[in-house]
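Novice: Got a predicted structure plus its sequence, pasted below:
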Amino acid sequence: MNSNDQEVRSADGTRLVVRRAGVGDPVVLLHGSGGGLHSWAPVAGRLAGSYELWMPARRGYGPSDVPPSRKSFKDEVADLMAVIEAAGQPVHLVGGSYGATLALHAAAAQPGRLRSLAVFEPPLFAAGESIEPLLARYQAAFARDDAGEMFAVLNEVTRVPPPIVAAFVAAAGDQRPDPVESRRSAIGWLHDLEALADDSPDPARWSSITVPTLLMRGADTWEPMPTTMDALAAALPAARRVSWPGQSHFATMTAPDLVADALREFLAEVAA
């Protein structure tokens, strides 16, 4: 493991690997589907001078343990509570994409463990019964190691427009992905889809969240994300909102300065 990594045990014994950086008030950064310990690195590098950052590899993503059975958001909230316990005090919680949905679950279930909440484009539309047949297709493709079909299923889940998919493919060219990292990502996606299939797409359920909240999005992210973020904002009318022109669902990678600046400003307001 990296010298800045440490292990945390969840309530059910699941081993989680957490990367730490910086000094200051603790901030936990939750990665999205297909991510890992590296996901928040561009933003973390800009925040580590002011905060103690905790970046876990979520359950299902190596080097953390793979779930022994079907995963749920309840499992991952328990994992997060173990990370917060290791941090030793209530934390500022930040989540991106699937990690943002997990952060909402945590804020609703354990508000006393959080000082604030910041979420970037949680895919709340990708949940419930509509995901179950896609999960079944993904499981079958995973079993036969059919990368093309897995990729196709995930595009249906995330609803990435065909021109953007084509741009991804063109950018990759003949470059072959690392097989170890590809399999690690595929395993993580499999278990994320399990949790999503058992979740609800109703954004109104988050109206119980009372911790200071920041909603972040890219102004160019495709539908149904803009509509989803508007519905979430309606459920959380006191939340602060920020939208970045020219950015999309990849803003944490393409515009880490914008993300870091928004988080720094928000956290300073919370602390004031």
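Specialist: Arrived safely.
Novice: My guess is His31 contacts Met55. True?
Specialist: Yes - taking contacts as C-beta atoms under 8 Å, His31 lies within contact range of Met55: 7.3 Å. C-beta here means a position set from N, CA and C on the backbone, and glycine is covered the same way.
Novice: Does anything pack onto the lengthiest helix in the chain? Which helices or strands?
Specialist: Counting residues, the longest helix in the chain under DSSP state H turns out to be helix 179-197. Judged by 3 or more C-beta pairs under 8 Å, 6 or more residues apart in numbering; DSSP states H and E, the packing partners of helix 179-197 are helix 73-87, helix 98-109, helix 132-143, helix 147-158.
Novice: What residues of that helix count as buried?
Specialist: 184-197 (16 or more other C-beta atoms under 10 Å).
Novice: Kindly report the same for stretch 242-250.
Specialist: Buried residues in stretch 242-250, counting neighbours by 16+ other C-beta under 10 Å, are found at 242, 244, 247-249.
Novice: How about stretch 154-171?
Specialist: 154, 157-158, 160.
Novice: Quick check: which ranges of this structure have low pLDDT?
Specialist: The model of the chain has pLDDT under 70 over residues 1, 172-173.
Novice: hmm, try it at 80
Specialist: 1-3, 168-178, 272 (pLDDT under 80).
Novice: In CSV: the buried residues of stretch 154-171, plus distance to Asp230.
Specialist: Below are the buried residues of stretch 154-171 laid out as CSV (distance: C-beta to C-beta, whole Å):
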residue, distance to Asp230
Leu154, 24
Val157, 21
Thr158, 19
Val160, 20
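Novice: Tell me which residues touch the nearest residue to Ile209 once chain neighbours are set aside, please.
Specialist: Nearest residue to Ile209 in three dimensions, chain neighbours excluded: Ala107, at 4.7 Å (C-beta to C-beta, 6 or more residues apart in numbering). Applying C-beta atoms under 8 Å, 6 or more residues apart in numbering, we find Ala107 in contact with 93, 114, 117, 206, 209, 211, 213.
Novice: ditto for Glu223
Specialist: Arg159.
Novice: Phi and psi next, for it.
Specialist: Glu223 adopts backbone torsions of phi -70, psi 150, taken as degrees, to the nearest 10.
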